[in-house]
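Colleague: give me a model of this one.
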Amino acid sequence: MNFRLYLLQRASAALMLPLILGHLAIIFYATSQKLTAADILGRTEGNLGWAAFYGLFVLLVAVHGAIGFATIAREWFGLGGRGQTALMWGVGLVLVALGLRAVLAVVYPGGGFFGGAA
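Modeller: Next comes the predicted model:
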């Protein structure tokens, strides 16, 4: 792994830490209050703060995970060069796409973001 990717992975880990702690606090609160999925969606629907929080979380996880996945592919399978770079970008883009889709589903549960029935 080159030094820039090494630093990027460490920086993404450091930035994820407060988001992880916040996420765990949210889970603890929701379970202690016995909130249902409907209760949670009622609080997140249309809330740009939640979209920003979890959107940033998704981007950081995608960066961190893609670099880590490419590193494992190099160390375990000897994949390097363009193949490793393509794998890293592919994994990262898939993680971003799936993660942001989940964020949109929570913030705009009825598809309202795309003009569908909210």
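
Colleague: what residue lies at the spatial centre of the chain?
Modeller: residue 58 (1.8 Å; C-alpha atoms, centre = their mean).

Colleague: pLDDT at residue 77, what is it?
Modeller: As predicted, residue 77 sits at a pLDDT of 94.

Colleague: going forward, the N-terminal residue is numbered 2.
Modeller: Sounds good: first residue 2 from here, last item residue 78.

Colleague: before we move on, the earlier item: look up how far residue 81 lies from the residue nearest to the centre of the chain.
Modeller: 28 Å (C-beta to C-beta, to the nearest Å). In short, each C-beta sits where N, CA and C put it, glycine included.

Colleague: rewinding a little: which ones are touching the residue nearest to the centre of the chain?
Modeller: 96-97, 100-101, 103-104 (C-beta atoms under 8 Å, 6 or more residues apart in numbering).

Colleague: what about it, helix or strand, and which?
Modeller: In this structure, residue 59 sits in helix 49-78 according to DSSP states H and E.

Colleague: let me see the mean pLDDT of the helix or strand following that helix.
Modeller: Counting by DSSP H and E, the next helix or strand C-terminal to helix 49-78 is helix 82-108. Averaged over helix 82-108, pLDDT sits at 95.

Colleague: tilt between helix 82-108 and helix 49-78?
Modeller: 150 degrees (axes from the mean of the first three to the mean of the last three C-alpha atoms, to 10 degrees).

Colleague: how much space between the spatially most distant residue from the centre of the chain and residue 66?
Modeller: The C-alpha centroid of the chain is most remote from residue 79, which lies 27.3 Å away (C-alpha atoms, centre = their mean). Going from residue 79 to residue 66 by C-beta to C-beta gives 21 Å.

Colleague: next one: residue 72
Modeller: On the measure of C-beta to C-beta, residue 72 and residue 66 end up 11 Å apart.

Colleague: list the buried ones in the lowest-mean-pLDDT helix or strand in the chain?
Modeller: Of all helical and strand segments in the chain, the minimum by mean pLDDT, DSSP states H and E falls on helix 38-45, at a mean of 89. Of the residues in helix 38-45, residue 45 count as buried by neighbour count, 16 or more other C-beta atoms under 10 Å.

Colleague: no further queries at this time; thank you.
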